[in-house]
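**Q** here is a sequence together with a model predicted from it:
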Amino acid sequence: MSEVELFPGHVSRLGLGTIPREDLAGQPGLVLLQKLIAGEYPAPPIAGTLSFALTEVEPGRAVFRGLPNERHLNPLGGVHGGWTATIMDSALACAVHTTLEAGEAYTTAEFKINFLRPITPRTGEVICEGRVVHRGRTLAVSEATLKDQAGKLLAFGTETCSIFPAASLAGR
């Protein structure tokens, strides 16, 4: 594996990849994400493609930082809404991930984003913070904000995640 720069100041020493299935079964979600931030796991491939990284976690909370750039533009020259949706989904879902017990997994069941301001490469680094607002046995709900460095709100979103046994993960 080789080192990968996700965006300036954020490097994955182990390259890109996923968390091993046996670790999903044996460790709580918060511990797995703390190890990801510490560089004990490779960054997820989507982080390399879209220039963002998980930078903080605590129970019920996850923070991503990203740098939208020219690779993320739509035909009109703005950052594609899919980029915003992906960093938002990541923060929303990882906030839920921090609440998982060993052997639990989750998937996004639905999410909604309100795009409040346009994002361009001139926007600079953005911060997306997700927080769990409800955690039940099989469903969790989270909310997130996406802000620029000046604290201006760029987008707001909510998400519902289904929680299930990690042994049920398809294709792993």
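**A** Happy to help now that I have it. Numbers count the residues shown, from 1 in each chain.
**Q** rest of the way, CA atoms for contacts and neighbours
**A** Will do.
**Q** who are the contact partners of the most centrally placed residue in the chain?
**A** Note on the chain: the residue nearest the mean C-alpha position is Ser90, at 2.3 Å, using CA atoms, centre = their mean. Contacts here follow CA atoms under 8 Å, 6 or more residues apart in numbering; on that basis Ser90 touches Phe64.
**Q** secondary structure element for it, which one?
**A** helix 81-97 (DSSP states H and E).
**Q** repeat for Gly130
**A** Judged by DSSP H and E, Gly130 forms part of strand 126-135.
**Q** partner strands of that strand and their direction?
**A** Strand 126-135 sits in its sheet next to strand 61-66 (antiparallel), strand 139-148 (antiparallel), going by DSSP bridges.
**Q** how about low-confidence regions in this protein?
**A** Along the chain, the parts satisfying pLDDT under 70 run over 1, 170-172.
**Q** how about the helices in this structure?
**A** Taking DSSP state H, the helices of the chain run over residues 21-26, 29-37, 45-50, 81-97.
**Q** save those as a markdown table, and put in distance to Phe64 too.
**A** Shown next, in a markdown table, are the helices of the chain (distance: least, CA to CA, whole Å):
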| stretch | distance to Phe64 |
| --- | --- |
| helix 21-26 | 21 |
| helix 29-37 | 11 |
| helix 45-50 | 10 |
| helix 81-97 | 6 |
